[in-house]
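1. Got a sequence here, can you model it:
(one chain, ligands or ions: 1)
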Amino acid sequence: MADDLNKKTAKGQSMWGGRFAAEPGALMQAINVSIGFDQRLAAQDIRGSKAHSDMLAAQGIITAEDRDAIHTGLDEIEAEIAAGTFPFSNDLEDIHLNIEARLKEKIGEAGGRLHTGRSRNDQVATDFRLWVRDHLDQFDVQLTTLMTALLAQAAKNTDTIMPGFTHLQSAQPVTFGHHMLAYLEMFARDRDRMRDCRKRMNESPLGAAALAGTPYPIDRDATATELDFARPMANSLDAVSARDFALEALSAASICATHLSRLSEEIVIWTSAQFQFITLSDAFTTGSSIMPQKRNPDAAELVRAKVGRIAGALISLTIVMKGLPLAYSKDMQEDKEPVFDAFEALDVGLAAMAGMISDMTPNKDRLAAAAGAAFSTATDLADWLVMKLNMPFRDAHHVTGTIVAMAEKQGVTLDELSLADMQSVEPRITDDVYRVLTPLASASSRTSYGGTAPSEVAKQVKRWQGELG
Ligand code: ARG
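-> Numbers count the residues shown, from 1 in each chain. Now for the predicted structure:
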């Protein structure tokens with residue numbers, strides 16, 4: 001089989017050009033090698049090996065001296081990696097073999113005992129789980145930072161009036177604080193999803209060995225505990241071949257990235273000359289090399305785009321995993337790069353968004369003017385007709401439509417239209433109606449639970465301040 005493959009690749013070489021060296025072995029290495037990317041698992045690999053060797057010694061499978069030598073060697077390796085002096089080698093394929101070979105160079109025979117009762121299959125599953133878990137913890141912190149930034153803007157703007165939109169058409173006045181809290185709620189659910197994912201994934205594959213377990217008297221509870229897992233995974237076949245933890249993390253990351261993308265889009269729109277709803281400082285904008293007047297919201301645009309690679313990673317890994325039989329297949333080496341790339345993108349996206357939210361200044365005058373435009377209080381007029389004149393809502397809708405048309409013709413806002421004009425459409429209207437026609441009155445009247453009234457927004461701000469501390 002291997003010979004077959006080698007013959008085929010050898011023949012194909014001339015067509016592939018000079019990319020690969022002459023020997024078929026070089027092709028095998030080129031497709032097999034993963035050290036270029038899986039060296040990111042070094043810290044987790046060392047942590048796992050320390051836990052494994054502790055357990056082997058505690059169970060009398062290796063001596064305490066060997067365990068101590070292994071720990072010392074691993075500490076040195078960790079220091080070499082941190083210093084950038086570790087001799088990473090493609091010949092040694094991946095991070096696991098690189099570290100193990102270096103350990104043997106350093107401590108000799110004891111290094112060869114580390115892999116007792118373990119396989120690279122449970123080793124890589126453990127390392128990758130630890131890496132994903134570390135990043136979920138990091139996202140938890142980053143999401144909290146972003147939520148705190150949104151909350152601070154909400155607290156400052158509980159009564160800052162702005163237009164609320166449907167179909168990106170002015171709909172009804174809302175408060176800027178309310179808009180900020182809408183995103184806070186979304187990111188809170190993202191944080192919950194990640195916490196939920198972390199909880200489900202927090203089981204240890206270590207000790208599943210190649211696929212079937214091991215005859216050595218290992219203690220999987222001990223390694224699970226040392227690595228802060230809740231328990232060992234209960235099925236060795238599942239332990240080495242499950243990657244749904246990564247899929248689930250990517251799916252939570254993808255949903256979070258869609259939220260970041262939506263908020264980014266609002267920032268892009270809001271900073272445009274046509275809207276001017278907010279201002280971003282130089283810290284988050286760039287100039288144009290040719291148009292001196294420009295101030296581009298590049299950071300927001302890049303965050304808006306990150307969802308592409310993050311959701312792409314989810315699709316990529318889903319398709320790698322589909323159709324794989326139990327247990328480990330080398331396909332699974334393709335699990336890491338999408339996750340590394342996606343998580344790096346989410347990391348920078350969350351950080352940039354938290355920065356922009358803290359940085360931005362709402363332009364209250366522009367927001368208020370826009371809130372009053374486009375007859376945004378027409379619903380309030382209709383509601384007034386229903387509540388004060390007991391008119392059926394459908395009739396009130398019609399009367400309001402006629403009054404809006406009149407205002408439009410005169411080029412005035414609803415609260416600028418004369419009472420006489422309104423009475424020409426519906427004689428029972430009194431000047432009490434002006435109480436509800438300003439954007440602030442409109443927003444302030446929406447006191448239903450979760451509504452946009454400043455009083456309601458202030459309550460939600462208070463609730464979140466209690467939760468976020
Ligand atoms: N580099 C491999 C991976 O990431 C490690 C596991 C190799 N296992 C094997 N049976 N060849 O999947």
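
2. And the nearest residue to Glu80 once chain neighbours are set aside, its phi and psi?
-> Closest residue to Glu80 apart from its sequence neighbours, by Cβ to Cβ, 6 or more residues apart in numbering: Phe86 at 4.1 Å. C-beta: built from backbone N, CA, C; applies to glycine. Torsion angles at Phe86 (phi, psi; degrees, to the nearest 10) stand at phi -70, psi 130.

3. ditto for Thr279
-> The phi/psi pair for Thr279 (degrees, to the nearest 10) is phi -120, psi 140.

4. For it, which residues count as its bridge partners?
-> Going by DSSP bridges, Thr279 is paired in beta bridges with Thr361.

5. how close does it get to Leu367?
-> Thr279 sits 12 Å away from Leu367, going by Cβ to Cβ, to the nearest Å.

6. Tell me who's in contact with Ala283.
-> Counting by Cβ atoms under 8 Å, 6 or more residues apart in numbering, Ala283 makes contact with 355, 359.

7. For Val240, which non-adjacent residue is spatially closest?
-> Per Cβ to Cβ, 6+ apart, closest to Val240 is Asn121, 4.2 Å.

8. go on, Thr377?
-> Ser442 (4.6 Å).

9. Tell me if I'm right that that neighbour and Pro173 touch.
-> Yes. The pair Ser442 / Pro173 is scored as a contact, 4.7 Å apart, by Cβ atoms under 8 Å.

10. give me the number of residues near Ala101?
-> 16 (other Cβ atoms under 10 Å).

11. ignore the last one, Glu105
-> 12.

12. How about Glu301?
-> 13.

13. which ones are touching the residue in the stretch 201-350 of the chain positioned nearest to the ligand?
-> Taking Cβ to the nearest ligand atom as the measure, the stretch 201-350 of the chain has Gln333 as its residue closest to the ligand, at 3.7 Å. Gln333 makes contact with 34, 38, 94, according to Cβ under 8 Å, 6+ apart.

14. about what we covered before: what's the separation between the residue nearest to Val240 and the ligand?
-> Asn121 is 5 Å from the ligand, where distance means Cβ to the nearest ligand atom, to the nearest Å.

15. thinking that residue is in contact with Gly213, fair?
-> No. With contact defined as Cβ under 8 Å, Asn121 does not count as touching Gly213 (11.7 Å).

16. Which one's more surrounded, those two?
-> Asn121 (20 against 17).

17. helix, strand or coil for that one?
-> Recorded secondary structure, Asn121: helix (DSSP: H, G, I helix; E, B strand; the rest coil).

18. Thr447 now?
-> From three-state DSSP, the assignment for Thr447 is coil.

19. Tally up the residues packed near it, please.
-> 13.

20. buried sites along stretch 68-75?
-> Within stretch 68-75, the residues scored as buried using 16 or more other Cβ atoms under 10 Å are 69-71, 73-74.

21. re the thing from before, possible to save the contacts of Gln333 as a markdown table with secondary structure?
-> Shown next, in a markdown table, are the contacts of Gln333 (three-state DSSP):
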| residue | secondary structure |
| --- | --- |
| Ser34 | coil |
| Asp38 | helix |
| Asp94 | coil |
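
22. and the residue in the stretch 351-469 of the chain positioned nearest to the ligand, which of the three is it?
-> Taking Cβ to the nearest ligand atom, the ligand has its nearest neighbour within the stretch 351-469 of the chain at Ala351, 28.4 Å off. At Ala351 the chain is in helix, as set by three-state DSSP.

23. Quick check: it touching Val141?
-> No. The criterion here is Cβ under 8 Å, and Ala351 misses it with Val141 at 10.7 Å.

24. Quick check: what element follows the helix or strand of the chain with the lowest mean pLDDT along the chain?
-> Least confident helix or strand, the chain: helix 2-16 with a mean of 41, by mean pLDDT, DSSP states H and E. Per DSSP states H and E, helix 2-16 leads on to helix 24-32 as the next helix or strand towards the C-terminus.
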